[in-house]
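Q: 3D model of this:
(chains A and B)
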Amino acid sequence: MRHILPLTTLVIVLMATQLAAANTPTIRLFPTTVVEDLRQTGNVARDMETGLQEVIGRLDQQQELYLETKCNGAEDDPGCQRLAKQIGATYLEMLTIMAERLPDMEHTVNNTRKSLEKGLRNELGKKMTPWKLQETLLGANATQAASQSAPTLRGRSGMRLSERFKQYYQLVATSGAQGDQSLAVLASDIYLDMEETSLLIQRTRQEIARATLMEQLNQSFGIITPEMIAVVGGVKSILFGDEDSQPLIAAPPPGSVEQAYRSPLEN
Amino acid sequence: MNSRITGNPLLVIVAIIATSFGLTSCASTAPTCASPQAKNLDTAIASVQASLLNGCQAHFERYYDDLLTIAEGDAKPENKREFSEFLVWANDNGLLSNRQAENYYNRYFNVKFMAMKGDYNNCSNTCPNKQKVLLSMESELSNKERGLMKISRDADAYYRADKLFQEIELVLEATCTACSASR
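A: The predicted structure is shown next:
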């Protein structure tokens, strides 16, 4: 099994490269570095999830036990205090794992963001007029029906972080098979997401430093703060997705494709 | 003869009254520039063309809107051609410049947005006016709904215009952020 996986990956990458070569896009938005950065970000995210999954599972169990034993409102009880301390220790463990993994994550996310930023600025920002941008987005023939293979990425909650990057990687790795119109949208979507993720990681790192200090103090008293519960909830939704908020994808209403008339006035 | 007229005040008064009658009768023959009454687009276009050639060119905008309203009552793909031919005629007759004719046509019947037309690059031209451009595009999208969907029954083209608008919103947000980021 350990030998099969890299082989499969190699076959997929080779197929993707062939597809890309067969249909080379005219705008360069995804240099190989971006593809590699995305793959690496996905790996870092997966490692972080694996590391945190067990700790978060343990935290959930401990919190459940705390509630079941009616410790809420009985904080002075020695048993409850012991439970609270255990929860606090697990919480600290979670924060430590995140603090260890986040710099790597931040680094790869920023690399991807910077590469995409350069591509977008040069290819779409400086080399194109607004009219050319429209033509690129519409594809070679503006009168043809919209491409069915266009990526639909918007609304990414409800998806694991590693899954999200895996999807990005797969889309980008096979992007040669799609037209420039898909590439421009894909690059914009990933770039804006990276901007957001980068900012979120920055804030999270600051918060972790503060929360770690607070929890180290709380350990002496064995208190479960509402903040702890909120932070755990937040980490879970970022890493493992929020299943309640699945995005709805609108389907186009039925409309017959009329015989296209092209006016001499049409640009 | 002149001395005789100026010499007779009664004749002067009669001459003034006659002139003013003459002027009033001229004013009454000025075109009324009324909106076309026909419900059929071909007939309405013919009537508008006659009015436009008869001194009503200043009302072109209103006539165009009247024709769009009439066409909405009988929506069909051929309407696109009718409007195109009407605008080409207006251009040939010097009522509109080529640029104006293109603008009138493309705002309503083309998937692409006239609000996104410029000769300079996006970083320098579109990004500094992003909000203004997007607002103009939004208003143009409702023109396209009228032209493509309600007049030409070309739902597919309208949905492409709508999708293009959404994509431009996203791509401009990313591109303009990238343009303004420190090099």
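Q: Show the low-confidence segments of chain B, by residue range.
A: By pLDDT under 70, the weakly predicted segments of chain B are B:1-29, B:182-183.
Q: got the residue ranges for the helices in chain B?
A: Assigned by DSSP state H, chain B shows helices spanning B:2-7, B:9-28, B:41-53, B:60-72, B:79-92, B:98-109, B:130-144, B:155-180.
Q: Surely B:Ile70 touches B:Ala44?
A: Yes. Using CB atoms under 8 Å, B:Ile70 is in contact with B:Ala44, at 4.8 Å. (Each C-beta comes from the backbone N, C-alpha and C, glycine too.)
Q: So for those two, which residues contact both of them?
A: Counting by CB atoms under 8 Å, 6 or more residues apart in numbering or on different chains, the residues touching both B:Ile70 and B:Ala44 are B:36, B:38.
Q: picking that back up, which one, of the helices of chain B, ends up nearest to A:Asp77?
A: Among those, helix B:155-180 comes nearest to A:Asp77, with 53.4 Å by CB to CB.
Q: picking up where we left off before, need the helices of chain B in a markdown table (columns: distance to A:Leu116 and mean neighbour count).
A: Shown next, in a markdown table, are those (distance: least, CB to CB, whole Å; neighbours: other CB atoms under 10 Å in any protein chain shown):
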| stretch | distance to A:Leu116 | mean neighbour count |
| --- | --- | --- |
| helix B:2-7 | 90 | 9 |
| helix B:9-28 | 68 | 10 |
| helix B:41-53 | 49 | 18 |
| helix B:60-72 | 43 | 18 |
| helix B:79-92 | 39 | 19 |
| helix B:98-109 | 32 | 19 |
| helix B:130-144 | 19 | 16 |
| helix B:155-180 | 8 | 21 |
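Q: how about TSV for these, with distance to chain A added?
A: Formatted as TSV, the helices of chain B follow (distance: least, CB to the nearest CB, whole Å):
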stretch	distance to chain A
helix B:2-7	59
helix B:9-28	37
helix B:41-53	15
helix B:60-72	13
helix B:79-92	4
helix B:98-109	4
helix B:130-144	7
helix B:155-180	3
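Q: Go through those helices and name the closest to A:Met94.
A: helix B:155-180 (32.5 Å).
Q: So which elements touch the closest one?
A: Other elements packing on helix B:155-180 under the criterion 3 or more CB pairs under 8 Å, 6 or more residues apart in numbering or on different chains; DSSP states H and E are helix A:78-119, helix A:130-138, helix A:180-219, helix B:130-144.
Q: out of the helices of chain B, which comes closest to A:Asp76?
A: helix B:155-180 (52.9 Å).
Q: can you give me the offset of the closest one from its chain's centre?
A: Between the centre of helix B:155-180 and the centre of its chain there are 26 Å (CA atoms, centre = their mean, to the nearest Å).
Q: Compute the inter-axis angle for it and helix A:180-219.
A: Helix B:155-180 and helix A:180-219 are oriented at 60 degrees to each other (axes from the mean of the first three to the mean of the last three CA atoms, to 10 degrees).
Q: Verify the stated contact: B:Leu95 with B:Leu52.
A: Yes. Counting by CB under 8 Å, B:Leu95 does reach B:Leu52; the two are 5.8 Å apart.
Q: quick check: domain ranges of chain B?
A: B:34-109, B:114-180 (automatic domain parsing).
Q: Which of those sits closest to A:Phe30?
A: Across those, A:Phe30 has its closest neighbour in domain B:114-180 (13.6 Å, CB to CB).
Q: now the end-to-end length of the closest one.
A: Distance across domain B:114-180, first residue to last, is 25 Å (CA to CA, to the nearest Å).
Q: Fine, thanks again, bye for now.
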